[in-house]
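Asker: Any chance you could fold what I've pasted below:
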Amino acid sequence: MGVPPIHDRLGHSVFCRQCDYSLYGLSENRCPECGTAFDPADASTVSKYSNGSAKRRRRKNLRRFLLFSPLLAYVILTITIPSGFACREYCTKCGLTRGRDERQLPFLPITYHVSESQTATGFSASLTRHGIRSGHTHEWSLISGNDDGVQKSCALGAGRHAAKCLNSPDAIVFTDAICLYTEPQTRDRLLDQMLDSIYGPELLFEIQTAGLPMNGFQNSDGFLAWWTNHQSAIEAIAKKTSRE
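Answerer: Next up is the predicted model:
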């Protein structure tokens, strides 16, 4: 049995490799246009496309490449150069800190992912031990932040001043004492003072120079004796906060 025409086996028209003449339906194994022989059993002796079709295919592929290459480059840029803003904040009500990370598309103000984590401080742990301000709504103030995208930048917030009070041993001893031995109104005023971004460091300095016992007060009498000597100076700072 003879070999069927080559286009029947390949499923499409074929062309002469030499002159681009269509070989469709030929029974002779030679191009009638230029005389170039071909082998119906060997697809490498013919061309699947005419030169015109090949040029159109190349132009089409080029258009596709030009269309999708910017998108591909942008995807690669998004993966290799992540853009976003990471920051650290503290709660002005309880002293808890929060790390927040916002991922954005490069060059666009579009956030596609946000993650955050909260961390207890010595100050917030003291309030938790005494059941103070539980269940409140957090109010966050910026400590510091940075943009780690294409344009590197950093930011410092007002909260960086109060942050030094959050894990200070003196501040923790003082917080434990006022939670145990003062009236709620006085306690809340002093807590707000300690967490104030402007006057918190001033109050901490006053406490540090007042000779707090680092092991804490054993009873209310010990605290009251200390408080009597230093109340006026500490209250004067607290009043500044209430007037702001």
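Asker: Show me the strands in the chain, by range?
Answerer: For the chain, the strands defined by DSSP state E occupy 15-16, 46-47, 83-91, 97-104, 111-119, 140-147, 153-156.
Asker: Could you dump those strands into CSV and include distance to A37 and mean pLDDT?
Answerer: In short, each C-beta sits where N, CA and C put it, glycine included. Shown next, in CSV, are the strands of the chain (distance: least, Cβ to Cβ, whole Å; pLDDT from 0 to 100):
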stretch, distance to A37, mean pLDDT
strand 15-16, 10, 80
strand 46-47, 11, 78
strand 83-91, 62, 88
strand 97-104, 64, 89
strand 111-119, 62, 89
strand 140-147, 69, 90
strand 153-156, 72, 80
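Asker: what's the domain layout of this protein?
Answerer: Domain assignment for the chain by automatic domain parsing gives 1-48, 54-80, 83-243.
Asker: Quickly compare those domains and say which is most buried.
Answerer: Of all the domains of the chain, domain 83-243 carries the top mean neighbour count, a mean of 16, counting by mean count of other Cβ atoms under 10 Å.
Asker: next one: it to chain centre, how far?
Answerer: 24 Å (Cα atoms, centre = their mean, to the nearest Å).
Asker: what about the helices in the chain?
Answerer: Here the chain has its helices, by DSSP state H, at 6-10, 51-80, 122-129, 159-163, 169-181, 184-194, 200-208, 220-243.
Asker: Surely S117 touches G99?
Answerer: Yes. Counting by Cβ atoms under 8 Å, G99 is a contact partner of S117 at 5.1 Å.
Asker: Hmm, V173 and L212 touching each other?
Answerer: Yes. With contact defined as Cβ under 8 Å, L212 reaches V173; the gap is 5.2 Å.
Asker: Least confident secondary structure element in this protein?
Answerer: Within the chain, no helix or strand scores below helix 6-10, which has a mean of 51 by mean pLDDT, DSSP states H and E.
Asker: thinking again about what came up before, intersection of neighbour lists for L212 and V173?
Answerer: Counting by Cβ atoms under 8 Å, 6 or more residues apart in numbering, no residue touches both L212 and V173.
Asker: Quick one: low-confidence residue ranges for this structure.
Answerer: 1-13, 49-58, 74, 77-82, 148-152, 238-244 (pLDDT under 70).
Asker: separation between L195 and H230?
Answerer: Noted for L195: a distance of 20 Å to H230, by Cβ to Cβ, to the nearest Å.
Asker: again, but for T209
Answerer: 9 Å.
Asker: And T186, by the same measure?
Answerer: According to Cβ to Cβ, T186 stands 13 Å off from H230.
Asker: And E202, by the same measure?
Answerer: Distance from E202 to H230, by Cβ to Cβ: 14 Å.
Asker: what does R133 give?
Answerer: 24 Å.
Asker: same question, G25
Answerer: Per Cβ to Cβ, G25 is found 109 Å from H230.
Asker: now do D188
Answerer: 19 Å.
Asker: same check, this time on N219
Answerer: In this view, N219 and H230 are 18 Å apart by Cβ to Cβ.
Asker: for A162, same thing?
Answerer: In terms of Cβ to Cβ, A162 sits 21 Å off from H230.
Asker: same deal with T182?
Answerer: Taken as Cβ to Cβ, the span from T182 to H230 is 13 Å.
Asker: Ok, D42 next?
Answerer: 103 Å.
Asker: dump the residue contacts of the closest residue to R17 other than its chain neighbours.
Answerer: In this structure, R17 finds its nearest non-sequential neighbour in S47, 4.9 Å apart by Cβ to Cβ, 6 or more residues apart in numbering. By Cβ under 8 Å, 6+ apart, the contact set of S47 is V14, F15, C16, R17, D20.
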